[in-house]
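**Q** What follows is a predicted structure for the sequence shown.
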Amino acid sequence: MVGIESYAVYVPTGRLDRAAIGKTLKAPRRRGVRPVASYDEDSTTLAVAAVRRAIGADGDIDGSLWFATSSPAYLEKSNAATVAVAGGLPETCAAYDVGGALRGGAGALRAGLAEGNAVVAAADLRYALPGSADESEGADAAAGFVVGPRAVAELVASVSITRELLERWREPGEARIRTWEDRFGAEEYVPLGQRALDEVLDRCGVAPEDLRKVVISTPHSRTRAALKKKFSAGQADLGVVSDLGYAGAADLGVGLVAAFDAAAPGDLVLAMSVVDGADAFVFRMTERHRPGKSGLENLDTSTVEVSYADFLTWRGLLPREPARRPDMKPPVPPASRRTGEWKFGFVASRCRECDYRNLPPRRICLRCNSRDASVPEPMIGVPAHVATLTDDWLSESVQLPAKVAAVDFEGGGRFEFELADAVDQAVNIGDPVEPTFRVAGVAGNKVRNYIWKVRPHREEDC
């Protein structure tokens with residue numbers, strides 16, 4: 001039976017103290033912290049990180065990719081294509097965007113399961129006008145799933161109900177999320193969620209108490225609270241994910257990963273999304289299931305504090321004086337196309353004549369000058385460490401000083417990278433680092449310059 005073969009999440013290291021929002025704005029102070037994507041991350045880069053982790057080193061995918069987000073980096077141009085290439089999927093992979101709506105996360109999962117051989121990715125950056133509930137209760141995160149016949153979680157049944165309901169909306173390009181009053185949303189969504197729950201359990205022939213874990217994903221807090229009352233505290237407890245906040249189109253996937261990790265073979269897991277209708281999925285964990293290495297390990301320890309001022313600046317909600325230097329030159333599409341394997345796929349080349357690794361790949365080997373004698377060599381997963389580093393105060397980076405490091409790779413090869421996730425972090429020569437797909441900057445013509453950076457190695461990413 002078709003189901004989920006592997007799964008993973010990516011949660012950025014940045015954490016914004018919700019109390020800092022209230023302190024700055026002289027407003028009520030909420031508890032806890034929320035995940036914040038860095039200045040060089042967007043929904044595409046978050047999805048790449050989740051997909052890379054879900055596929056693993058031995059991933060062999062020949063199906064399709066479905067990418068859902070309510071905060072797409074581009075319109076008109078496909079973001080899914082970038083996720084596919086940077087995620088290490090083959091050129092034969094069909095990549096499709098499911099963008100613009102919160103329900104896209106459930107839709108992408110449904111499409112991948114229907115196809116039976118696919119990668120499903122969902123990622124979002126959640127922010128709204130300063131002081132709003134959506135700002136403090138949001139979370140930036142991504143989830144990735146590989147769908148296939150060798151399932152660790154097989155699909156038992158699913159139900160979908162669509163309802164035209166203007167309960168929340170946002171115009172393209174706007175930061176403000178508008179909502180109708182809470183009572184209206186609860187009166188519509190609670191019965192809708194209950195109907196989806198009853199129907200999917202009836203199809204499975206199980207009772208609510210037979211479920212091991214339950215995921216209720218909805219931006220409507222009153223609806224979520226009402227539906228959770230149908231289950232025990234243990235069923236609805238998703239561990240460290242419970243307090244992260246609402247992750248938009250990725251919220252259902254993030255909760256599902258946490259539920260899978262907390263389940264054992266034979267357990268039933270319910271995942272339900274209630275927005276613009278209701279979608280419910282019931283999975284049964286199989287004997288192949290081995291929890292761990294999903295990206296949730298040490299989630300609370302590998303974090304970096306982000307100030308409220310930096311958060312607003314990174315999201316474009318606090319305009320600040322830019323650095324006095326020439327405008328950033330936009331990437332040239334033909335050049336990006338020619339160097340696509342390196343720029344997006346992080347693929348170097350190995351010379352067949354002298355065994356020298358060229359970073360980036362070259363037609364003429366730097367060591368022996370052999371022409372067209374190289375073979376592609378992916379660099380994801382190759383151990384690397386800092387050879388030397390410096391602080392660059394003249395960088396075009398939003399966060400100065402930018403840390404720039406010369407990195408040596410095991411097996412040969414050295415290249416200069418910007419260090420990501422290293423603000424106020426001590427980085428020393430010899431420290432291990434790992435590649436991460438990021439945004440170098442956005443040019444005046446709104447072209448995003450995606451590049452590979454490196455970040456300090458984290459044990460939970462092994």
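**A** The structure has been received and is ready for your questions. Numbering: from 1, shown residues only.

**Q** State the distance from the nearest residue to Y308 once chain neighbours are set aside to V120.
**A** Computed as CB to CB, 6 or more residues apart in numbering, the closest residue to Y308 that is not its neighbour in sequence is A20, at 4.7 Å. Every residue, glycine included, has its C-beta placed from N, CA and C. Using CB to CB, to the nearest Å, A20 is found at 34 Å from V120.

**Q** Of those two, which one has the most company?
**A** Neighbour totals were compared for A20 and V120, and V120 leads with 30 against 18 (other CB atoms under 10 Å).

**Q** What helices and strands are in contact with the host helix or strand of that one?
**A** V120 belongs to strand 118-124 when assigned by DSSP states H and E. In this structure, strand 118-124 packs against helix 43-55, strand 64-69, helix 104-115, strand 141-148, helix 251-261, with contacts taken as 3 or more CB pairs under 8 Å, 6 or more residues apart in numbering; DSSP states H and E.

**Q** Give me the buried positions along stretch 284-299.
**A** Residues of stretch 284-299 classed as buried: 284-286, 289, 294-297, 299 (neighbour count, 16 or more other CB atoms under 10 Å).

**Q** Between those, which sits nearest E353?
**A** For the buried residues of stretch 284-299, the minimum distance to E353 (CB to CB) is 40.3 Å, reached by G295.

**Q** Can you classify the closest one by secondary structure?
**A** Put simply, G295 is coil when judged by DSSP: H, G, I helix; E, B strand; the rest coil.

**Q** Quick check: it touching A8?
**A** Yes - counting by CB atoms under 8 Å, G295 touches A8, with 4.9 Å between them.

**Q** Need the CA coordinates for stretch 436-445. CSV is fine.
**A** Below are the C-alpha coordinates for stretch 436-445, written out as CSV (Å, rounded to 0.1, in the frame of the first residue of the first chain):
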residue,chain,number,x,y,z
THR,A,436,23.1,25.2,2.9
PHE,A,437,21.1,26.7,0.1
ARG,A,438,20.4,30.4,0.6
VAL,A,439,19.5,33.8,-0.9
ALA,A,440,22.6,36.0,-1.6
GLY,A,441,20.4,39.0,-2.2
VAL,A,442,17.5,40.4,-4.3
ALA,A,443,18.5,42.7,-7.1
GLY,A,444,16.7,45.8,-8.2
ASN,A,445,14.8,43.8,-10.9
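
**Q** what stretches of the chain score poorly on pLDDT?
**A** Along the chain, the parts satisfying pLDDT under 70 run over 57-60, 323-324, 326, 328, 459-462.

**Q** try 50
**A** In the predicted model, the chain carries pLDDT under 50 at residues 462.

**Q** Quick check, V274 in contact with T218.
**A** Yes - in this structure, V274 is within contact of T218 by CB under 8 Å, at 4.1 Å.

**Q** For these two, indicate the residue with more neighbours.
**A** Per other CB under 10 Å, whichever of V274 and T218 has more neighbours is V274, with 30 against 23.

**Q** Contact partners for that one?
**A** Residues counted as contacts of V274 (CB atoms under 8 Å, 6 or more residues apart in numbering) are 189, 192-193, 196, 216-218, 220, 223-224, 227.

**Q** Return the member of these nearest to K446.
**A** Closest to K446, out of all of those and judged by CB to CB, is S217, at 31.2 Å.

**Q** ok, what's across the strand from the closest one?
**A** The bridge-partner assignment for S217, based on DSSP bridges, gives S273.

**Q** Can you give me the separation between it and V36?
**A** In terms of CB to CB, S217 sits 20 Å off from V36.

**Q** In contact with V269, which residues?
**A** Shown in contact with V269 (CB under 8 Å, 6+ apart): 153, 211-215, 256, 259-260, 263, 282-285.

**Q** same thing with V382?
**A** So V382 contacts 409-411 (CB under 8 Å, 6+ apart).
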